[in-house]
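Colleague: just a sequence and a predicted model for now, questions to come.
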Amino acid sequence: MSDTLSSHHPLGFADVVAATPDRTALIEPDGHALSYGELDARVNQLAHALAALGLQTGDGVAAILPNSRHYFELRLATGRTGQYFTPISHHLTAAEIAYIVEDCEARVVVVDESLLGAAEQALDEAGFPADRRIVAGAAEGWTGYEEVLREQPTTPPDHPRAGSIMMYTSGTTGRPKGVRRQLPEGPPQVTETELNLMPRLDIFPGHEVQLAAAPLYHAAPGVFAHSGLNFGHTVVIAERPTPEEWLRLIDRHQVSITFAVPTVLHRLLRLPEEVRGRYDTSSLRSVVHGAAPCPAEVKRAAIDWLGPVVHEFYAATEGPATAATAREWLTRPGTVGRPLPGIEIRVVDPAGKPLPTGETGSVYYSPSYPFEYFKDPEKTAASMHDGLLTAGDIGYLDEDGWLFLCDRRTDLIISGGVNVYPAEVEAVLLAHPDVADAAVVGVPDAEWGRRVIAVVQPEAGVAAGDELAARLTAHCRTLLAGFKIPRIISFTDRLPRTPTGKVRRRELRTADAPP
């Protein structure tokens, strides 16, 4: 364990509870606060409730929640009962939710009462048992979350066993896959990721205040907020705050740490100076961004405004690779950082041969823990080369070992920090009887980083134009989450394809985008 982490403060949720049970752990969006002792008691009750429902080591629990204490309670409870926790985006359609619930083999699903619409439809489609549906709030035919907790003791489980989170990611097939790591033996413990990544981003144990305003069902926001509880921080929970509300919360709670995608930084910077000037942001010590490329001008403006506290990291759902502080970035503008301790980064050519310094190729790095794509050994094998993992990104290393990315996965579109996989959107478009061929690409967007554009070849005899675009958009809305729906649909007589049938996406990206 790092000396800088272990010297003065308790490390790990149980140790923080034992040392400072009265310290505030969570502040909910409505202002209600839970101490570490109170949160621990509820987590123990939930752990006993999962056992009473018959869940055993290795079983799965899924949840569809807004940012709330329920997320933390579930993550901590499954983390001491040896189970896998899968948070699911509440922006997905019923079909998308049903697929993940079935694929992750969830034995229990917890849903917030405000999100029952698509969730209930999804669970019905999946044939999910009614007696294993738990609602945070109240709903007819569901078991109440508080009712489940009330029946259980607040004492710890007899034999705590570390669990894990299983997030879902996608590949070129468009079907999400669970990133599953082997459960560690023994009780819950701080992960190597937390020990190696957080100090590089100027995040340490102690009396810090962390704002959790990014969606916790995504990997990075969940990691940072959960680490906050392992580090003894007070975590302020926010659900979809406006840019000014971000600043208001930072000022009110004297927030020192927060995670934000570049889109949020862009929106904060777009606020009028007189609005930004109303709020004290001097408490911020670490504003971490990741999940999508950050335009250099946005990052530089954020550093000019907030000071040298805007740090970044490069990672995938499968694990982290690099980090860069604001000061490091200023000396090497554009870098996404140098490797974390124990991480090897290798840039290779199409044949897998390592490339010299400064040459661009596929970026591979050593995973910080062994993992597999759940029930997909072929995808697992395809993502690895010589023990190293690739997220499909293209980049190069400079002479000092700092990584620079040139393209974030040739096909992947990252819009507002959220992954959109063209193959999935294309499959939906191609299912429409009026579509002969379709390709989906991302084009630059000042606010979102990238926006989703579809280029469609209509079937013979079908008129291209606004009416067809409206029909296709309505079709997409029935099968895809809102952030995946193309912002613009344009038409072509024939898509550019290689002799082997692959779409030449670069031609579509570099063509003038439709107005």
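Modeller: Okay, I see it.

Colleague: low-confidence ranges, the protein, go.
Modeller: Scanning the chain with the threshold set as pLDDT under 70 gives 1-7, 170-174, 291-292, 407-412, 498-502, 510-515.

Colleague: one more time with 80
Modeller: Scanning the chain for pLDDT under 80 picks out 1-8, 170-175, 291-295, 406-415, 417-419, 421, 423-424, 497-506, 509-515.

Colleague: so the most centrally placed residue in it versus residue 260, what's the distance?
Modeller: The geometric centre of the chain, computed from its C-alpha atoms, lies nearest to residue 218 (C-alpha atoms, centre = their mean), at 2.4 Å. Residue 218 sits 12 Å away from residue 260, going by C-beta to C-beta, to the nearest Å. C-beta: built from backbone N, CA, C; applies to glycine.

Colleague: what residues are shared contacts of the two?
Modeller: Common contact partners of residue 218 and residue 260 (C-beta atoms under 8 Å, 6 or more residues apart in numbering): none.

Colleague: and for the nearest residue to residue 83 once chain neighbours are set aside, the neighbour number?
Modeller: Take residue 83 and drop its neighbours on the chain: the residue closest to it by C-beta to C-beta, 6 or more residues apart in numbering is residue 163, 4.7 Å away. Residue neighbour count, defined by other C-beta atoms under 10 Å, stands at 27 for residue 163.

Colleague: tell me which residues touch residue 163, please.
Modeller: Contacts of residue 163 (C-beta under 8 Å, 6+ apart): 78, 79, 80, 81, 82, 83, 84, 85, 183, 188.

Colleague: what of residue 10?
Modeller: With C-beta under 8 Å, 6+ apart, residue 10 has these contacts: 16, 18, 19, 20, 205, 232.

Colleague: for residue 349, same thing?
Modeller: Here residue 349 is in contact with 355, 361, 362 (C-beta under 8 Å, 6+ apart).

Colleague: go on, residue 100?
Modeller: Applying C-beta under 8 Å, 6+ apart to residue 100 gives the contacts 62, 86, 88, 92, 168, 176.

Colleague: hmm, 10 Å instead?
Modeller: 62, 64, 86-89, 92, 106, 122, 126, 166, 168, 176-178 (C-beta atoms under 10 Å, 6 or more residues apart in numbering).

Colleague: which of the residues you listed fall within strands?
Modeller: Judged by DSSP state E, strands contain the following of those: 62, 64, 86, 87, 106, 168, 177, 178.

Colleague: most widely separated two among those residues?
Modeller: With C-beta to C-beta as the measure, no two of the ones in strands among the contacts of residue 100 lie farther apart than 64 and 177, at 18.9 Å.

Colleague: picking that back up, let's see which of the contacts of residue 163 end up in strands.
Modeller: Judged by DSSP E, strands contain the following of the contacts of residue 163: 84, 85.

Colleague: can you confirm residue 95 is in a strand?
Modeller: No - under DSSP: H, G, I helix; E, B strand; the rest coil, residue 95 sits outside any strand and is assigned helix.

Colleague: can you give me the neighbour number for it?
Modeller: 15.

Colleague: list the contacts for the residue nearest to it when sequence neighbours are not counted?
Modeller: In space, and not counting its chain neighbours, residue 95 is closest to residue 479: 6.4 Å by C-beta to C-beta, 6+ apart. Residues in contact with residue 479 (C-beta under 10 Å, 6+ apart) are 93, 94, 95, 96, 424, 425, 427, 428, 429, 431, 485.

Colleague: quick check: of these, which lies closest to residue 43?
Modeller: Nearest to residue 43 out of these is residue 96 (C-beta to C-beta; 29.1 Å).

Colleague: does the closest one really touch residue 118, like I thought?
Modeller: Yes - under the criterion of C-beta atoms under 10 Å, residue 96 makes contact with residue 118 at 8.7 Å.

Colleague: what residues are shared contacts of those two?
Modeller: residue 481.

Colleague: rewinding a little: now the buried members of the contacts of residue 479.
Modeller: Buried by 16 or more other C-beta atoms under 10 Å: 93, 94, 96, 424, 425, 427, 428, 429, 485, out of the contacts of residue 479.

Colleague: show me the contacts for the third one.
Modeller: Spelled out, that is residue 96. Per C-beta under 10 Å, 6+ apart, neighbours of residue 96: 88, 89, 118, 122, 168, 176, 424, 479, 480, 481, 484.

Colleague: out of the residues you listed, which is nearest to residue 447?
Modeller: The nearest member of the contacts of residue 96 to residue 447, counting by C-beta to C-beta, is residue 484 at 17.1 Å.

Colleague: list the contacts of the closest one.
Modeller: With contacts defined as C-beta under 10 Å, 6+ apart, residue 484 is in contact with 91-93, 96, 174, 413, 415, 418-422, 424-425, 428, 440, 452, 476-477.
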